[in-house]
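>>> Return a 3D structure for these sequence lines:
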Amino acid sequence: MLNINDLAPDFTLQGSDLKEHSLQEFRGKKVVLYFYPKDNTSGCSKEAVMFNELKDQFEKENAVIIGVSKDSLASHKKFIDNYSLSFLLLSDPEQEVIKAYDVLREKSMYGRKYLGVLRSTFVISEEGKILLADYGCKATESPKTVCRLLLK
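Have a look, this model is predicted:
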């Protein structure tokens, strides 16, 4: 589990813009890195729309929003198109970054156990340190929590 003031694990993943992105390239900016279970599902869509609505406020605070899931780039494109999202989504099909941030957890649905992404949000400082590690956050609360932190 990552804690406040830990160095955020670096990574390189393919983005919805079809380019590779690493955390390192965002040094000098705050990064709102949020992990979500699945594109185009109810909670994940609400969360993405809320982050999108707050994007201008985040940019005023020198922060970028990045969403991460194990979905494919094709799925990300549909998700972006369906909700007019204007921030970067990264694809982690091998779940390497998902594991590095410790958000792969055992879940249960209809009595069946499986490994899935625990909805979680991290705010990373300009120097790459964790300012917020919100594991298991609620889809409709996470964007507001981040906004309050950035606007302090």
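
>>> Show me which helix or strand of this structure is least confident by mean pLDDT.
One helix or strand of the chain scores below all others by mean pLDDT, DSSP states H and E: strand 104-109, with a mean of 84.

>>> contacting residues around whichever helix or strand comes after that one?
Going down the chain from strand 104-109, the next helix or strand is strand 112-117, by DSSP states H and E. Strand 112-117 is contacted from outside by 35-38, 69-70, 98, 103-108, using Cβ atoms under 8 Å, 6 or more residues apart in numbering. Where C-beta positions appear, they are placed from N, C-alpha and C, glycine not excepted.

>>> same deal with stretch 51-62?
In contact with stretch 51-62 (Cβ under 8 Å, 6+ apart) are residues 29-30, 32, 34, 64-65, 67, 83-87, 126, 143, 146-147, 150-151.

>>> Quick one: buried ones out of these?
29-30, 32, 34, 64-65, 67, 83, 85, 87, 143, 146-147, 150 (16 or more other Cβ atoms under 10 Å).

>>> If we only consider these, which is nearest to Gly136?
Nearest to Gly136 among those is Tyr34, at 12.4 Å by Cβ to Cβ.

>>> so which helix or strand takes in the closest one?
Going by DSSP H and E, Tyr34 is part of strand 30-35.

>>> So which bits of the very next helix or strand once past that strand are buried?
Per DSSP H and E, the first helix or strand lying C-terminal to strand 30-35 is helix 42-60. Counting neighbours by 16+ other Cβ under 10 Å, one finds that the buried residues in helix 42-60 are 44-45, 47-52, 54-55, 58.

>>> Helix 42-60 - what's its average pLDDT?
Regarding helix 42-60, the rounded mean pLDDT is 95.

>>> any idea which helix or strand comes after it?
Moving toward the C-terminus from helix 42-60, the next helix or strand (DSSP H and E) is strand 63-69.

>>> That following strand versus strand 112-117: what angle between them?
Strand 63-69 and strand 112-117 meet at an angle of 150 degrees, taking axes from the mean of the first three to the mean of the last three Cα atoms, to 10 degrees as the criterion.

>>> Now do strand 63-69: which elements does it pack against?
strand 30-35, helix 42-60, strand 88-91 (3 or more Cβ pairs under 8 Å, 6 or more residues apart in numbering; DSSP states H and E).
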